[in-house]
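A.B. asks: requesting a structural model of the entry that follows:
(chains A and B)
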Amino acid sequence: MASSLSHPAGRITISEKAVATIAAQAALRSYGVVGMASRTLAGGIVQALARDPRHGVEVSQRSGQLQIDLYVVVEYGTRVTSVSASVARTVRYQVERTLGMPIGDVNVHVQDLHISFTE
Amino acid sequence: MTYLAAQVDPADRERLAERFRQIDGPMLRALTEASLTWLRTNQQLVNALNVFPVPDGDTGTNMTLTMQAALEEVAGSDETSVGRMAKAIAHGALMGARGNSGVILSQLWRGLARGLDDLATMDAPALAHALDAARETAYKGVVQPVEGTILTVAKDLARAALQVAATPEATNLDVLEAVVLAADESVERTPQLLPVLREAGVVDSGGKGLFFIWEGMLRTVYGLALNEPLLEVKPISQLQLEQTAEAIEPGQDWEVIVDFQPTAELDIPSFYRQLGEMGTSIQVGEGDGLYRMHIHVLDRTEFRPVEYVRTLGTITNVRIENLMLQVPGTSGAPSKSPLRLASPSPSQIAVVVVSPGEGLSRVFGSLGAAGVIDGGQTMNPSTQQILQAVEQAPTDKVIVLPNNKNIVLSARQAIELTAKKLAVVPSHTGPQGIAAMLALDPDGDLASVAAAMESCMQSVRTVEVTLATRTAKVDGVQVTAGQAIGLLDDTLVAAGDDLGEVLQATFEKAGAERAELATLYYGAAIPLPEVNRLAERLVSRWPGLQVEIHEGGQPHYPIIASVE
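C.D. replies: Purely as a prediction, here's the structure:
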């Protein structure tokens, strides 16, 4: 159980899976992110292009706030810092907007670059 | 191609088409320079197309800075090949890409360069092919492209270019004209494709920026001016009247704002022309028959605009401000009270804060801040600026208070880049930062002091009141352009025509009934008597609440307040 809000009608809980789905969808719509990667499978990087809707997203609780870790593959030839900053911003905005509450850190881990064109 | 082509004589057009039949490296650079100038001229207009109804100008500035970096890369280059010139421009754009729109723009340049290969010169088919390669490259950068954005505009203009270039004897000018027309139409269609734009009543800002890039090239080919912004009259609430000190250029000594009611219908082009002879940064706003004029003028001419406007109608309000005072190192009248910063000893912790206004900076200084970075809602400082302030701090243990949600990330990036021990206490607002300062123990351990500051920061709630820049529905609240809106901890909770009522409604949501102390930091544009009236209303509504008033000096937000 990731989060709960009290509400006049009772309590609302939002699972980590739900948050991860929102985050992954937002990340994949963010410019410069061409895939999500996970750290699992014996430490290797596995790239998945949007097969599992939550792939490459980890949601955890830290000091009472949601922390989101994104493992992304970025298009080669883009400015990685700008892409990372905007994916973090987009994910935070979408998650906070959907949940209607503030979240903690959004960390972006660039796991790999994807080369579409060789120059 | 209607509105621009109409300004060019057909015989001249023939000659121009011939002159640009082949474009080489230096010609491409000259065209790109025109793009940058035209983009810069219309930067505020692009910035104003933000979907969130709080002044938060970004896209225009980001695209301008990206284009500027691109051109710095080729300044003084003697490259003659158009392909290699495009490659160098693309490299500069990549290195200087700012924000989302800047990254996409750099990808478009990269694709354009790829499409041109190492060609010596380009003709119409080569240009169209390169534009198509730009589209292809830009689309490779995202898994799920969102249509109704700059990507769509890049796609539509590439299609138009290919179509025209396929006709026999097509010239670069034909392609350029088709591209500008297609971009213009595509931008106008973006709200149909993207609901968030439709809701906010705007077109896509990145797409509009891309349109200006191509229109700038076409304007320079036609020999049209690039430094005059489109003559327009915006709703008063959309005027971007606040300038940061860095943005003030020589010759902008005074800012003059005049509100007036014209006696006859205002002739806008002639009005702009007259003002253009007096100064720069001209903006005109209108609401309910009342006009607001904004201009920057030279020293000793600050009354000229007022005298001029007097001939046009009844003046209702005048504000004249000495901008030289805002620029460090220039002399004007003595400033109200100097900013005093703490100077911690080498073993202590130094705190560097981001502050949106002079008054808030003074409050931070009095609480022990050792460094101040100017910035806030519309001017987010870069990681580089934050890093610089951290490096300049007199000690090796530094805490940064970003005081804005959008700056937290840039501040955190500085951690990786400095050799100093740096902690970021993620304050989202000024009041949170001020609350955090109360827990500062300069002699403590960095991590535990930062943790204490962070937990102290959460003890306040932040109320901010500003004016909506456009009509939209946000966080479930319907807002009309020009209305006052109230934000509680960054979430929109109230909107209305009366600022005082909105402030009260927001305080209500902030739990003013149980609160003991409210501190109001008033903005640069609101007069003190009005602030006093607002405070009195709060006290009469909640007699148990103690209300303090401080000058904040921030732009855009008449009131920022903490409730605790």
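A.B. asks: verify the stated contact: residue B:547 with residue B:537.
C.D. replies: No. At 9.8 Å, residue B:547 does not count as touching residue B:537 under the criterion of CB atoms under 8 Å. For every residue, glycine as well, the C-beta is placed using N, CA and C.
A.B. asks: so for the two, which residue has more residues nearby?
C.D. replies: residue B:547 (20 against 16; other CB atoms under 10 Å in any protein chain shown).
A.B. asks: list the buried residues of the helix or strand hosting the more buried one.
C.D. replies: Using DSSP states H and E, residue B:547 sits in strand B:546-551. Across strand B:546-551, burial judged by 16 or more other CB atoms under 10 Å in any protein chain shown covers B:547, B:549-551.
A.B. asks: what does stretch B:184-202 give?
C.D. replies: B:184, B:186-187, B:189-191, B:194, B:197, B:200, B:202.
A.B. asks: for residue B:440, state which of those residues is nearest.
C.D. replies: Proximity to residue B:440 was ranked across the buried residues of stretch B:184-202 by CB to CB; first place goes to residue B:200, at 40.1 Å.
A.B. asks: return the set of buried residues in the longest strand along chain A.
C.D. replies: Among the segments of chain A that qualify as a strand by DSSP state E, the longest is strand A:65-75. Buried residues in strand A:65-75, counted by 16+ other CB under 10 Å: A:66, A:68-75.
A.B. asks: give the other helices and strands that that strand contacts.
C.D. replies: helix A:16-28, strand A:33-38, strand A:57-62, helix A:80-99, strand A:106-114 (3 or more CB pairs under 8 Å, 6 or more residues apart in numbering or on different chains; DSSP states H and E).
A.B. asks: I'd like to know which helix or strand in chain A has the lowest mean pLDDT.
C.D. replies: Of all helical and strand segments in chain A, the minimum by mean pLDDT, DSSP states H and E falls on strand A:46-48, at a mean of 48.
A.B. asks: remind me which residues of the chain are low pLDDT?
C.D. replies: Just so you know, I chose chain A. Along chain A, segments meeting pLDDT under 70 span A:1-9, A:39-52, A:118-119.
A.B. asks: other chain: chain B
C.D. replies: B:1-3, B:6, B:50-57, B:228-252, B:325-338, B:378.
A.B. asks: tell me the domain ranges of it?
C.D. replies: When chain B is parsed with automatic domain parsing, its domains come out as B:5-222, B:233-326, B:349-457, B:463-563.
A.B. asks: endpoints of the longest one, how far apart?
C.D. replies: The distance separating the two terminal residues of domain B:5-222, taken as CA to CA, to the nearest Å, comes to 8 Å.
A.B. asks: same thing with stretch B:258-278?
C.D. replies: 14 Å.
A.B. asks: stretch B:365-374 now?
C.D. replies: By CA to CA, one end of stretch B:365-374 lies 13 Å from the other end.
A.B. asks: okay, and residue B:432 sits in which element?
C.D. replies: Following DSSP H and E, one finds residue B:432 within helix B:430-437.
A.B. asks: run the chain-centre distance for the next helix or strand after that helix.
C.D. replies: Later in the chain than helix B:430-437, the nearest helix or strand by DSSP H and E is helix B:446-457. From the chain centre to the centre of helix B:446-457 is a distance of 32 Å (CA atoms, centre = their mean, to the nearest Å).
A.B. asks: quick one: buried residues of helix B:446-457?
C.D. replies: Of the residues in helix B:446-457, those buried (16+ other CB under 10 Å) are B:446, B:449-450, B:452-454, B:456-457.
A.B. asks: and those near chain A, which?
C.D. replies: When the buried residues of helix B:446-457 are filtered against chain A using CB under 8 Å from any CB of the partner chain, no residues are retained.
A.B. asks: just the closest of these to chain A, please.
C.D. replies: residue B:454 (8.9 Å; CB to the nearest CB).
A.B. asks: residue A:71 contacts residue A:37, correct?
C.D. replies: Yes. Using CB under 8 Å, residue A:71 and residue A:37 qualify as a contacting pair, with a distance of 4.8 Å.
A.B. asks: alpha carbons only: can I get the helix holding residue B:432 in CSV?
C.D. replies: What follows is helix B:430-437, C-alpha atoms only, in CSV (Å, rounded to 0.1, in the frame of the first residue of the first chain):
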residue,chain,number,x,y,z
GLY,B,430,9.7,31.2,0.2
PRO,B,431,7.8,30.8,3.5
GLN,B,432,9.0,27.1,3.7
GLY,B,433,12.5,28.4,3.2
ILE,B,434,12.1,31.0,5.9
ALA,B,435,10.7,28.3,8.3
ALA,B,436,13.7,26.1,7.5
MET,B,437,16.1,28.9,8.3
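A.B. asks: so the residue in the stretch 401-550 of chain B that chain A sits nearest to is in which element?
C.D. replies: Evaluated by CB to the nearest CB, the stretch 401-550 of chain B has residue B:409 as its residue closest to chain A, separated by 5.6 Å. Using DSSP H and E, residue B:409 sits in helix B:408-417.
A.B. asks: near chain B, which residues of chain A are found?
C.D. replies: A:28-35, A:49-50, A:75, A:77-79, A:81-83, A:85-86, A:88-90, A:97, A:100, A:102, A:116-117, A:119.
A.B. asks: close to chain A, is the strand or helix carrying residue B:131?
C.D. replies: Per DSSP H and E, residue B:131 falls inside helix B:124-140. Yes. Legend: contact between helix B:124-140 and chain A by CB under 8 Å from any CB is shown at B:137, B:140.
A.B. asks: how far off strand A:33-38 does that helix point, in degrees?
C.D. replies: Using axes from the mean of the first three to the mean of the last three CA atoms, to 10 degrees, the direction of helix B:124-140 lies 30 degrees away from that of strand A:33-38.
A.B. asks: quickly note the distance from residue B:536 to residue B:488.
C.D. replies: To residue B:488, residue B:536 is 22 Å away according to CB to CB, to the nearest Å.
A.B. asks: put the alpha carbons of the longest strand of chain A into PDB.
C.D. replies: Extracted C-alpha coordinates of strand A:65-75, given in PDB (Å, rounded to 0.1, in the frame of the first residue of the first chain):
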ATOM      1  CA  GLN A  65       6.600  10.300   1.100                       C
ATOM      2  CA  LEU A  66       6.600   8.500  -2.100                       C
ATOM      3  CA  GLN A  67       9.900   8.200  -3.900                       C
ATOM      4  CA  ILE A  68      10.000   7.300  -7.600                       C
ATOM      5  CA  ASP A  69      13.000   5.900  -9.300                       C
ATOM      6  CA  LEU A  70      13.000   5.900 -13.100                       C
ATOM      7  CA  TYR A  71      15.400   3.700 -15.100                       C
ATOM      8  CA  VAL A  72      15.400   5.100 -18.500                       C
ATOM      9  CA  VAL A  73      17.100   4.700 -21.900                       C
ATOM     10  CA  VAL A  74      17.800   8.100 -23.600                       C
ATOM     11  CA  GLU A  75      18.100   8.800 -27.300                       C
END
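A.B. asks: report the distance from that strand to the chain centre.
C.D. replies: With CA atoms, centre = their mean, you get 4 Å for strand A:65-75.
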